[in-house]
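[1] let me see the structure of the following:
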Amino acid sequence: MKKTTIWILSGVAIAVLVAGGARVLSQRKAANSPTATAVSTPVLELANADVFTVKTQALALGLPVSGALKATQSAFIKARVAGELVALTVREGDAVQAGQVVARVDPTEYQARQRQAQQQADSAKAQVDIAQRQYDNNKALVDQGFISQTALITSQASLNGAKATYMAALAALDVTNKALDDANLKAPFSGQIAQRLTQAGERVAIDARIVEIVNLSQLELEAALPANDAAQVRVGMKAQLNIEGVGQPVEARVLRINPSAQAGSRSVLVYLGVSGREGLRQGLFAEGALGTQTVQAMAVPVSSVRTDKPQPYVQVLENKAVKHVPVKTGARTEVQGLAMVAVEGLTEGTQVLAASAGAVREGVQLKFTAAAQ
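    Reported below is the predicted structural model:
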């Protein structure tokens with residue numbers, strides 16, 4: 001019995017070993033089969049928009065500029081005389097023409113002063129006429145020898161005094177006429193009403209702000225540049241600006257450069273002109289680059305350069321697989337609204353994955369979707 005049991009147990013052990021060996025062999029064959037290889041190698045599908053082809057481009061190198069837009073023509077219409085505001089005919093957004101009356105101060109007091117000055121001028125003119133006749137009469141009598149020369153000199157002085165009084169009265173009349181005209185507040189130039197700062201019926205003092213008017217046909221951006229950068233700027237240089245609320249970049253041109261540096265910061269103010277167009281408003285924030293020179297270089301989108309390794313790199317499509325290629329980045333600029341950066345380490349025609357593809361491991365197989373093909 002003991003020998004039989006030993007033989008049975010030995011047979012069972014041998015059977016287990018044979019079954020285990022067969023299983024290991026079958027797993028190795030499955031791992032080496034083409035089907036298993038295809039399953040273990042990941043494949044990533046891409047669209048055409050996920051790949052960018054590297055090529056040499058003209059890059060406009062520039063200086064970053066930013067600031068708020070300001071209308072070249074902008075003014076507050078203020079009260080020139082004190083009184084009650086009896087008419088204010090415009091509101092925010094209304095268009096006005098140069099010389100148009102936009103508000104009126106009660107002219108009653110100034111009309112009365114004008115009449116008073118006119119009457120004083122008329123009285124002074126009458127005194128001139130009397131003095132003139134007196135002088136003419138005395139001159140005739142002196143010529144005939146009836147009166148002395150002294151009487152003629154006295155009448156001459158009286159005439160001169162009357163003329164001076166008349167001229168003073170005319171000057172006073174001019175002052176009252178101007179005050180009466182100043183009661184009508186007129187637009188100094190054509191534009192639009194930006195603010196209405198008071199209401200009809202209120203009493204306003206001299207220099208009280210009534211409305212603000214702006215002309216949007218020409219806008220300016222006031223940019224502060226470091227002294228070193230400002231030294232490269234010249235009048236006439238162009239810039240591309242991105243303005244909030246405006247979809248397409250807007251072209252600007254350097255109009256003026258301030259001859260003095262700002263106290264404290266030592267920055268230099270540069271004024272860029274922007275032609276008025278639909279959608280542009282005073283106060284909108286703008287930023288962009290002022291082009292100082294143009295270079296030819298290979299460039300990729302800034303978003304395609306990855307920095308999760310010690311050295312910047314790009315994900316390149318090579319033999320239908322991803323390869324990480326280190327690059328050296330250079331100047332940055334915008335090309336048709338896309339942020340680009342010059343790179344070294346790539347050849348023209350290389351296909352680089354865009355940021356939309358995300359981070360992909362080296363060796364991952366790539367294929368394009370049917371729609372992309």
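
[2] please count neighbours and contacts with C-alpha atoms only from this point.
    OK.

[3] now do the phi/psi pair for Ser74.
    When quoted as degrees, to the nearest 10, the phi and psi of Ser74 stand at phi -150, psi 130.

[4] that one bridge partners, please.
    Val214 (DSSP bridges).

[5] got a list of contacts for stretch 235-253?
    254-257, 272-275, 279-280, 284-292, 337 (CA atoms under 8 Å, 6 or more residues apart in numbering).

[6] I'd like the distance from that stretch to the chain centre, please.
    Relative to its parent chain, stretch 235-253 has a centroid offset of 8 Å by CA atoms, centre = their mean, to the nearest Å.

[7] what of stretch 57-75?
    Its chain's C-alpha centre and that of stretch 57-75 lie 6 Å apart, by CA atoms, centre = their mean.

[8] just the CA atoms of it, as PDB, please.
    What follows is stretch 57-75, C-alpha atoms only, in PDB (Å, rounded to 0.1, in the frame of the first residue of the first chain):
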ATOM      1  CA  GLN A  57       8.500  82.700 -41.200                       C
ATOM      2  CA  ALA A  58       9.000  86.400 -41.100                       C
ATOM      3  CA  LEU A  59       8.700  87.300 -37.400                       C
ATOM      4  CA  ALA A  60       8.200  91.000 -36.500                       C
ATOM      5  CA  LEU A  61      10.100  91.400 -33.200                       C
ATOM      6  CA  GLY A  62       8.600  94.000 -31.000                       C
ATOM      7  CA  LEU A  63       8.200  95.600 -27.700                       C
ATOM      8  CA  PRO A  64       5.100  94.900 -25.500                       C
ATOM      9  CA  VAL A  65       2.800  97.900 -25.100                       C
ATOM     10  CA  SER A  66      -0.400  98.200 -23.200                       C
ATOM     11  CA  GLY A  67      -2.800 100.800 -21.900                       C
ATOM     12  CA  ALA A  68      -6.200 102.400 -22.200                       C
ATOM     13  CA  LEU A  69      -7.400 104.000 -25.400                       C
ATOM     14  CA  LYS A  70      -8.000 107.800 -25.300                       C
ATOM     15  CA  ALA A  71      -9.700 110.000 -27.800                       C
ATOM     16  CA  THR A  72      -7.400 112.500 -29.400                       C
ATOM     17  CA  GLN A  73     -10.100 115.100 -29.100                       C
ATOM     18  CA  SER A  74     -11.900 115.100 -25.700                       C
ATOM     19  CA  ALA A  75     -13.200 118.000 -23.700                       C
END
